[in-house]
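Undergrad: Let me see the structure of the following:
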Amino acid sequence: MGTQFWWFYDVIAVAIVLICIFLSARKNALRSSASLAGFILSFFIAFSVSGGIATSFYSSSVESRNAVKIRKTLGYTDFTENMQIYLQSLDYNLTLKEDKLESIFIDGTDVDSKVYKYVTDAKGKKFAEKEEFLTQLHEGYAQYTIKVVSEYLTPYAAESAAEEIRNHPDKFEELIPLLMDFEDKGPAAEYIAKNYVAMPYQGIIRLILFLAVFFILLIITLFISHALGRNDTSGGSIGARVFGGFLGIFNGAALVFAVAVMVRLYVILGDDKMLFFNFEAIDNTYIFKYVYNLVLSL
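TA: The predicted structure is shown next:
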């Protein structure tokens, strides 16, 4: 929904650049140069400091709160039962005993191979290639994690955690014994908050910090550039206007990047299927998608 509005992003991007060209062309040479320096300085400082601050802020303030929320869900979400239901829902027509799966998970060593051997023995014959089955088993891990994380945290964090499991399923074996600790779900919750939820939340925090630092510094530097160029009388010449307009292109590019960051936050914190703010529409654009892809690398 909303993919027909892909042109909206390109129109906004072009409009921002044209406005910046127009405004810069009206300034004198000194103000145009100082304004560009302000944009560049604000952009690179915001880009440089936001990552480190986001990592530190998540570790010191957000991670423990996320762990508490995840622990609540783990308290009433049984891993073995969920995996039993999931495996039996596959097209293999399996009937599995919960206590047998539970003993494999509690042991926590070579879990994938032992689960495959158990389901093969339960079936009485080799019913699927090991790699094929393990891919589906790992998807079960991912779906369970989505269920646990999405209860109190963002859908984006839940899907990011699931994707991490799909890409690195071997790491999930470290978590399984913690999930089987029936007395204390704290270590399992902390593991998920640190290893699976940290990256998406740090990304969100970094985007917010980037915008805040960028616009605060930009306002300060633009005020300084205005003061510096107050007595410069070169603004009326054609050369100064052309020079200022050329510099305005770079100012506009920085602002388009900031807009792309805001759009990314809307997509992450809202619904990816929202009208206007959805990835399918952005991917159809001619210009804006390249800026948006730069934001994804943040």
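Undergrad: Going C-terminal from the helix or strand harbouring residue 247, what's the next secondary structure element?
TA: Here residue 247, judged by DSSP states H and E, is contained in helix 238-269. Downstream of helix 238-269, the next assigned helix or strand under DSSP H and E is helix 279-283.
Undergrad: In the helix or strand just after that following helix, which residues are buried?
TA: Once the chain leaves helix 279-283, the next helix or strand it forms, by DSSP H and E, is helix 288-296. Neighbour-count burial for helix 288-296, counted by 16 or more other Cβ atoms under 10 Å, picks out 288, 289, 291, 292, 295. Yep, even glycine has a C-beta here, placed from its N, CA and C like the rest.
Undergrad: how close does residue 60 get to residue 54?
TA: 11 Å (Cβ to Cβ, to the nearest Å).
Undergrad: So which of these two has more stuff around it?
TA: Between residue 60 and residue 54, counted using other Cβ atoms under 10 Å, the more crowded position is residue 54 (22 against 9).
Undergrad: Tell me which residues touch the more buried one, please.
TA: 202, 203, 205, 206, 209 (Cβ atoms under 8 Å, 6 or more residues apart in numbering).
Undergrad: right, and the fourth one touches residue 49 too?
TA: No. Counting by Cβ atoms under 8 Å, no contact exists between residue 206 and residue 49, whose distance comes to 9.8 Å.
Undergrad: So for those two, which sits in the more crowded spot?
TA: Set side by side, residue 206 and residue 49 show more neighbours around residue 206, with 23 against 14, by other Cβ under 10 Å.
Undergrad: dump the residue contacts of that one.
TA: Residue 206 sits in contact with 50, 51, 53, 54, 298, where contact means Cβ under 8 Å, 6+ apart.
Undergrad: Checking the fourth one next. Helix, strand or coil?
TA: When you say that, I think you mean residue 54. Counting by DSSP: H, G, I helix; E, B strand; the rest coil, the backbone at residue 54 sits in helix.
Undergrad: again, but for the second one
TA: Secondary structure assignment for residue 51 (three-state DSSP): helix.
Undergrad: From residue 50, how far out is the residue nearest to it when sequence neighbours are not counted?
TA: Using Cβ to Cβ, 6 or more residues apart in numbering and skipping residues adjacent in sequence, the residue nearest residue 51 is residue 206, 5.6 Å away. In this view, residue 206 and residue 50 are 5 Å apart by Cβ to Cβ.
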